[in-house]
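[1] Need coordinates for the below:
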Amino acid sequence: MKWTGFMRALIILALIIGNIGCDQVSKSLVREKVEYHENIELIDDYFILTKVENTGALLSLGDSLSPGAKKLVLLVLPALMLLSLMVFVLVKNELDKQVIIGLSFIVGGGIGNIFDRFLYGSVTDFLHIDLGLLRTGIFNLADVSVMMGTAIILFHGFFAKSISDQ
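    Here you go, the predicted model:
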């Protein structure tokens with residue numbers, strides 16, 4: 001069954017708002033309850049909560065840009081891109097459900113981080129995974145939304161192609 005009309009738009013907006021909400025609630029809790037650079041072991045040394053403010057993008061890229069360039073590159077351009085992506089997912093009726101879900105996760109996560117940049121001038125990051133060879137930087141739930149959305153789209157693309165080739 002294909003999602004159509006009002007119900008489709010409602011599902012898309014609910015997914016976007018749900019991702020923003022989870023992200024913002026988690027960041028708010030961390031801002032209130034965790035000290036900067038405090039390490040809280042959630043699962044031994046493997047999953048750690050530590051609060052940092054990231055004034056750049058992924059892995060602090062763009063952190064050293066001038067304030068004007070930083071506003072353009074890390075706030076205005078991403079906001080325009082996310083708005084375009086949201087309009088795309090809302091108006092493109094032939095998208096598969098998995099693609100709609102993936103794009104909605106990406107938009108919701110992106111808006112969560114844009115919201116932080118706009119309000120605070122930085123993004124609150126607080127999760128870190130260390131499995132020895134697999135070690136992440138510090139990230140937040142908006143980043144998880146973007147990665148999950150990307151994974152859903154890639155997974156769907158890989159398997160949709162595999163099925164159509166048979």
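[2] Return the helix or strand in this protein with minimum mean pLDDT.
    helix 67-71 (a mean of 83; mean pLDDT, DSSP states H and E).
[3] In terms of secondary structure, what does it contact?
    If you count contacts as 3 or more Cβ pairs under 8 Å, 6 or more residues apart in numbering; DSSP states H and E, helix 67-71 packs onto no helix or strand. (C-beta placed from N, C-alpha, C; glycine too.)
[4] Just the residues contacting that helix, thanks.
    Identification of contacts with helix 67-71 by Cβ atoms under 8 Å, 6 or more residues apart in numbering yields 55, 62.
[5] swap the cut-off to 7 Å and go again
    Applying Cβ atoms under 7 Å, 6 or more residues apart in numbering, the external contacts of helix 67-71 come out as Gly62.
[6] Using neighbour counts, pick out the buried residues of it.
    Lys70 (16 or more other Cβ atoms under 10 Å).
[7] now do stretch 112-122
    112-117, 122.
[8] now do stretch 75-92
    78-79, 82, 86, 89-90.
[9] so for that stretch, what's the average pLDDT?
    Per-residue pLDDT over stretch 75-92 has a mean of 96.
[10] what do you get for stretch 22-40?
    pLDDT averaged over stretch 22-40 gives 96.
[11] Go ahead and name everything in contact with it.
    48-52, 109, 112, 115-116, 124, 126, 140-142, 145.
[12] and those, which two are the farthest apart?
    Based on Cβ to Cβ, the longest span within these runs between Ile48 and Phe115 and measures 24.6 Å.
[13] Run through the strands of this structure in chain order.
    Taking DSSP state E as the criterion, the chain carries its strands at 40-43, 47-54, 123-131, 134-135.
[14] can you pull the contacts of the nearest residue to Phe47 once chain neighbours are set aside?
    Using Cβ to Cβ, 6 or more residues apart in numbering and skipping the chain neighbours, the partner closest in space to Phe47 is Ile129 (5.8 Å). By Cβ under 7 Å, 6+ apart, Ile129 lies in contact with 46-47, 135-136.
[15] what are the ranges of the helices in the protein?
    Along the chain, counting by DSSP state H, helices occupy 5-33, 67-71, 77-91, 97-120, 141-165.
[16] Between helix 97-120 and the longest one, find me the angle.
    Right, the one you point to is helix 5-33. Helix 5-33 and helix 97-120 are oriented at 40 degrees to each other (axes from the mean of the first three to the mean of the last three Cα atoms, to 10 degrees).
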